[in-house]
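[1] This is a predicted model, with the sequence first.
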Amino acid sequence: MSPVLAVEAQLETLRQRVDLALDAALPAESAWPQTIHRAVRYSLFAGGKRVRPMLVLAAGEAAGGAEAELMPLACAVEMIHTYSLVHDDLPAMDDDDLRRGKPTSHKVFGEAIAILAGDALLTRAFHLMAEAPDDCSGDRLRRRLEATAILGQAAGTSGLIGGQVMDLESEGQDISAESLECLHRAKTGALLAACVRGGAILGGAPLPERDLLDRYARAIGLAFQIVDDVLDATEGAEQLGKTAGKDAAQKKATYVRIHGLERARGMAEALLREALAALQPFGERAALLARLARLIVERHA
Ligand code: GRG
């Protein structure tokens, strides 16, 4: 098998293991109250790419960590990411009918249950991180706490929520390139960076390695959103699994609007080179992280 195919097979195995762990971390659809569990599972298993959990596992593996130590964070970030999509699609926010190729949560379950499904995912994420096994003590427990704090900060008002507020407030406005970068780094980059930082910490990476992984994380975090802007302008709804061309219709601040399509593409490629350069000292240990960076920048959905 070629090295690229071997890495692809490894990523596919990780994706399946994440899905099994997510399934095990949630109440069954038949558990009381059934509606909320149906809604939570509907969005969580709607076909997301699982980029964030794979970043946690790949960063942890590059640092030499064991999967069992990393999986709670991998599941928690996917729960938080899914909650943010469910809430972002609500009529009060982006008012979208399609997500991950399916009708959005509020279209299927109504607005109240969609809000609660997002709340339930966010709550379960931190509950899961707090469910440390009895033998988790000393350094292991400290690392778990540190990763939880990183996750909380990334999901909070200086990260995901702050970025979303800035996004809402800048609709229809002309914002500077610097403000747009700040918005993207908060709304999308913070959670992606937390995956890599958290994985590195749980895997026990020493400080110099954490700094390198941080450089990688910042680069791919911003690249992810630039590519998202490019895809919104260039791909159709069928390919994206969500409404296409919405950024332009809503006069959203995007890299394409501010810098133009070609420069935006060039910026994403430069960030990919920056991310790969940061991984250089890890050699083969960072093969999964390198592949994920390429998948993020070269993706079509
Ligand atoms: C509601 C607090 C709150 C935040 C919402 C995530 C977000 C902030 C808004 C979603 C709008 C958007 C399209 C952001 C671009 C980046 C992004 C999160 C894309 C979707 O992530 P993927 O491509 O999706 O990883 P899948 O479905 O594959 O998991």
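    Sure, I can see it. Numbering: from 1, shown residues only.
[2] any chance you could read off phi and psi for the residue of the chain found nearest the ligand?
    Ranking the residues of the chain by distance to the ligand (CB to the nearest ligand atom) places residue 48 first, at 3.1 Å. For the C-beta atoms, the positions are set from N, CA and C on the backbone; glycine is no exception. Torsion angles at residue 48 (phi, psi; degrees, to the nearest 10) stand at phi -60, psi 160.
[3] For it, grab the count of nearby residues.
    21 (other CB atoms under 10 Å).
[4] which residue packs closest to it, ignoring adjacent ones?
    Among residues not flanking residue 48 along the chain, residue 100 sits closest, at 5.9 Å (CB to CB, 6 or more residues apart in numbering).
[5] contacting residues around that neighbour?
    Counting by CB atoms under 8 Å, 6 or more residues apart in numbering, residue 100 touches 43, 46, 47, 48, 85, 241, 242.
[6] and if you look at residue 229?
    Residue 229 touches 247, 254, 255, 256, 257, 264, counting by CB under 8 Å, 6+ apart.
[7] Do whichever strand or helix holds the fourth one and the ligand come into contact?
    Going back to what we said before, that points to residue 256. Assessed by DSSP states H and E, residue 256 sits inside helix 255-259. No - residues of helix 255-259 are not located near the ligand by CB under 6 Å from any ligand atom, the shortest gap being 11.6 Å.
[8] Report all helices and strands that that helix contacts.
    Packing contacts for helix 255-259, counted by 3 or more CB pairs under 8 Å, 6 or more residues apart in numbering; DSSP states H and E, involve helix 177-184, helix 207-234, helix 246-249, helix 261-279.
[9] Tally up the residues packed near the residue lying closest to residue 248 once chain neighbours are set aside, please.
    Among residues not flanking residue 248 along the chain, residue 233 sits closest, at 6.7 Å (CB to CB, 6+ apart). Residue 233 has 17 neighbours, counted by other CB under 10 Å.
[10] Tell me the confidence at residue 174?
    If you check residue 174, the pLDDT there is 88.
[11] Is it located within a strand, as I assumed?
    No - counting by DSSP: H, G, I helix; E, B strand; the rest coil, one finds residue 174 to be coil, located in no strand.
[12] mind checking how far the closest residue to it other than its chain neighbours is from residue 101?
    Distances taken as CB to CB, 6+ apart place residue 253 nearest to residue 174, at 8.0 Å, with adjacent residues excluded. Residue 253 sits 26 Å away from residue 101, taking CB to CB, to the nearest Å as the criterion.
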